[in-house]
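Trainee: below are the sequence and a predicted model for it; my questions follow.
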Amino acid sequence: MKILYFASVREKVGKAEEDVTLPERVATVADLMGWLSERNESYAAAFEHRKTIRAAVDKTHVNHETALDSAREIAFFPPMTGG
């Protein structure tokens, strides 16, 4: 699965994207954020406030309980502001 990171999430993780193989226990967006947070301090900082992180699975905005099933790409980004 390809994971894309945007804005402050990208800055904290230290990369714009990566390809990963998910363990079986990672079934939802929330599970993925938890798993990523366990990788190291950078990921933990990026996903510290998980409720504010937005996600898109295969270019469609989703909630954190969305199943990853056959997803090919997931993107994480902070809340958007307009003006």
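Mentor: Great, that's in hand. Quantities reported herein were computed from a predicted structural model and do not represent experimental measurements.
Trainee: contacts only, for residue 75.
Mentor: The contact partners of residue 75, taken as CB atoms under 8 Å, 6 or more residues apart in numbering, are 3, 4, 5, 6, 55, 56, 59. C-beta coordinates here come from the backbone N, C-alpha and C atoms, glycine included.
Trainee: report the separation between the spatially most central residue of the chain and residue 16.
Mentor: By CA atoms, centre = their mean, the mean C-alpha position of the chain lies nearest to residue 76, the distance being 4.1 Å. Residue 76 sits 11 Å away from residue 16 when distances are taken as CB to CB, to the nearest Å.
Trainee: overlap in contacts, those two.
Mentor: Here residue 76 and residue 16 have 4, 5, 6 as joint contacts, going by CB under 8 Å, 6+ apart.
Trainee: tell me if I'm right that the first one and residue 71 touch.
Mentor: No: at 12.0 Å, residue 4 and residue 71 do not qualify as touching, with contact defined as CB atoms under 8 Å.
Trainee: in its sheet, what does the strand or helix carrying the residue nearest to the centre of the chain sit against?
Mentor: Assigned by DSSP states H and E, residue 76 belongs to strand 73-77. Paired with strand 73-77 in the same sheet, following DSSP bridges, are strand 2-5 (parallel), strand 54-57 (antiparallel).
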